[in-house]
Structure formats: C-alpha cells, structure tokens
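> What shape does this take:
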Amino acid sequence: MNVITIIIWIALGIICAVIHKNKGYSPIAGFCWGFFLSIIGLIVVLLEKDKAEHDAEMTEKKGLSMGQWLAIFLGVGIVGIIIFFVVLSNL
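Got it, this is the predicted structure:
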C-alpha cells in the first residue's frame, strides 16, 4: 500500500466529513463515506439532501407506501433464499 494512497483516503474522508457536517449529518458518517468509498463516497455525500429538507419530506410522507413495504419484504425474502442455498451447498 502506497503512502500517497492512504493520504488521499484520509483527505477524502475529511472532505466528506466537512460536507456531511455542513448538511446537518454526522461528520463521522461522512468521514466513513469518504475514507472507505473514496470518490463514490464523495459523490454520495455531495448528492445527499440537507437534513432539514430530508426531515421535512419524511414528515409529509408519514411512513412507507405499500409498494415500498412489498419491495422490502421481497428483497429480504430473496436474500434469505440465496443465503439458505449457499449454506446448504456448503454442507
């Protein structure tokens, strides 16, 4: 591992932490986005809405729609089936 690579990871982590904090979120979470996902994390943090704007949208919606719940349950079910078959094939 190159020292320059580690310095870039830390710098991206700090940049994402500052941006995340200015948007009202946790700077630690922002640092993790930048450090572990580098450029992708920076893009995610930049595209993320401000916390106040996000909270206002969530209070208007008042929960998940039926389609969102269905998608969650189907996703969990599919992942569960995949895990079951992976474990079963390793026995």
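
> how many other residues sit next to His20?
Here the number of neighbours of His20 (other CB atoms under 10 Å) works out to 25. For the C-beta atoms, the positions are set from N, CA and C on the backbone; glycine is no exception.

> check which helix or strand covers it.
helix 3-22 (DSSP states H and E).

> Output the contacting helices and strands for that helix.
The helices and strands touching helix 3-22, judged by 3 or more CB pairs under 8 Å, 6 or more residues apart in numbering; DSSP states H and E, are helix 27-47.

> How about exporting the helix it packs on as PDB, limited to the C-alpha atoms?
Extracted in PDB, the C-alpha atoms of helix 27-47 (Å, rounded to 0.1, in the frame of the first residue of the first chain):
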ATOM      1  CA  PRO A  27     -19.300  14.100  10.400                       C
ATOM      2  CA  ILE A  28     -18.100  10.600  11.400                       C
ATOM      3  CA  ALA A  29     -20.500   9.000   8.900                       C
ATOM      4  CA  GLY A  30     -19.200  11.500   6.300                       C
ATOM      5  CA  PHE A  31     -15.700  10.500   7.000                       C
ATOM      6  CA  CYS A  32     -16.500   6.800   6.600                       C
ATOM      7  CA  TRP A  33     -18.200   7.500   3.300                       C
ATOM      8  CA  GLY A  34     -15.100   9.300   2.000                       C
ATOM      9  CA  PHE A  35     -12.500   7.000   3.600                       C
ATOM     10  CA  PHE A  36     -14.000   3.700   2.600                       C
ATOM     11  CA  LEU A  37     -15.600   4.500  -0.700                       C
ATOM     12  CA  SER A  38     -13.300   7.400  -1.900                       C
ATOM     13  CA  ILE A  39     -14.700   9.100  -5.000                       C
ATOM     14  CA  ILE A  40     -18.100   7.200  -4.800                       C
ATOM     15  CA  GLY A  41     -18.500   8.300  -1.200                       C
ATOM     16  CA  LEU A  42     -17.700  11.900  -2.100                       C
ATOM     17  CA  ILE A  43     -20.400  11.800  -4.900                       C
ATOM     18  CA  VAL A  44     -22.900  10.300  -2.500                       C
ATOM     19  CA  VAL A  45     -22.300  13.000   0.200                       C
ATOM     20  CA  LEU A  46     -22.500  15.800  -2.400                       C
ATOM     21  CA  LEU A  47     -25.800  14.500  -3.800                       C
END
